[in-house]
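In: Build me a model:
(one chain, ligands or ions: 2)
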Amino acid sequence: MKQSSQLALVNELLELAEGIAQRAGEMLSIRPENFDINEKSSARDFATHMDHASEKLIVAEILAARCDDGIIGEEGANRESKSGITWVIDPIDGTVNYFYNLPGWNISIAAKDSQGVLIGIVYAPTLNSLWHASRGGGAFLNGRPIHVSNARVLEDSLLATGFSYDVAERVRQGEQIAALIPRVRDIRRLGAAAVDLCHVASGSLDGYFETGLKEWDLAAGGLIAREAGALVSGRKGSPAGEAMVIAAGPALHALLTEEIG
Ligand code: 2AM
Ligand code: CA
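Out: Ligands and ions are numbered 1, 2, ... in the order given. As a prediction, the model looks like this:
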């Protein structure tokens, strides 16, 4: 594809995703009085009817604008691409925060092509924050360019992590945190993976690690972190994925990979 038509495509996808994320955010910001809940893997892992309503809105608006695109959504949207572009959607990332009316829940929308994630949007209405990035085009928070922190030692580093829905895995994670907490500035557990990755991108966290993330948790936030200068990998430099995600600026990333990976 010519450079100018690639740029036009990126701009089209970004503009579309931004508008859709904002409309989903407006809908979600009017909280229902009651939630219909359906359990997924365990009592800790659930979706509300608002997760489904958000995914429905996002899918309908994408297809109204680009009917040949593919879609992968956490709540079941699954459509093959005829255009080469596939959207990867988490209609509410941080559902537990949303349910408890805690901040940080967000709408995460990415679009990928044959080379990987091309654009990503993470919109967190409760933080008044909309992050966006495109591959090779840098990362932005509310329109301003962002960059990772330059933390170089564990002792000065503010980290975030998340805990698995699986109880045995939580016990193992607790042991890992117990070993790490005396050696770092502090550890946060904010509750929404995409925003954790974006906080690394904008320097509000020095680093982040978590196991169990799915493609829709990682697609947009991972691109935003990378475009802001982070390394985003799995254990020992393997690709980031369900087994592990470690995100930080290069110096801290090397230390975290040694500690965790
Ligand atoms: P969700 O709210 O969309 O389920 C919590 O640590 C963060 O990790 C949330 O962003 C949550 O996304 C995500 N997550 C995804 N899979 C998870 C899992 N198996 N266990 C815990 N959190 C998970
Ligand atoms: Ca979700």
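
In: helices or strands up against the host helix or strand of Pro91?
Out: In this structure, Pro91 sits in strand 86-93 according to DSSP states H and E. Using 3 or more C-beta pairs under 8 Å, 6 or more residues apart in numbering; DSSP states H and E as the contact test, the elements touching strand 86-93 are helix 49-65, strand 70-73, strand 106-113, helix 193-201, helix 215-227. C-betas here are computed from N, CA, C, even on glycine.

In: Next SSE downstream of that strand?
Out: Sequence order places helix 95-100 as the next helix or strand after strand 86-93, per DSSP H and E.

In: per-residue confidence averaged over that next one?
Out: Mean pLDDT, helix 95-100: 96.

In: Could you tell me which residues within that helix count as buried?
Out: Within helix 95-100, the residues scored as buried using 16 or more other C-beta atoms under 10 Å are 95, 97-99.

In: Out of those, which comes closest to ligand 2?
Out: Thr95 (5.1 Å; C-beta to the ion).

In: Identify the single longest helix in this protein, thanks.
Out: The longest helix of the chain (DSSP state H) is helix 3-29.

In: Now that one: buried residues?
Out: Going by neighbour count (16+ other C-beta under 10 Å), the buried part of helix 3-29 is 9-10, 13-14, 16-18, 20-21, 23-25, 28.

In: re the thing from before, including distance to ligand 1, could the buried residues of helix 95-100 go into TSV?
Out: TSV is the format used below for these (distance: C-beta to the nearest ligand atom, whole Å):
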residue	distance to ligand 1
Thr95	4
Asn97	8
Tyr98	8
Phe99	9
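
In: Export the residues you listed to a markdown table and append columns for distance to ligand 2.
Out: Formatted as a markdown table, these follow (distance: C-beta to the ion, whole Å):
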| residue | distance to ligand 2 |
| --- | --- |
| Thr95 | 5 |
| Asn97 | 11 |
| Tyr98 | 9 |
| Phe99 | 11 |
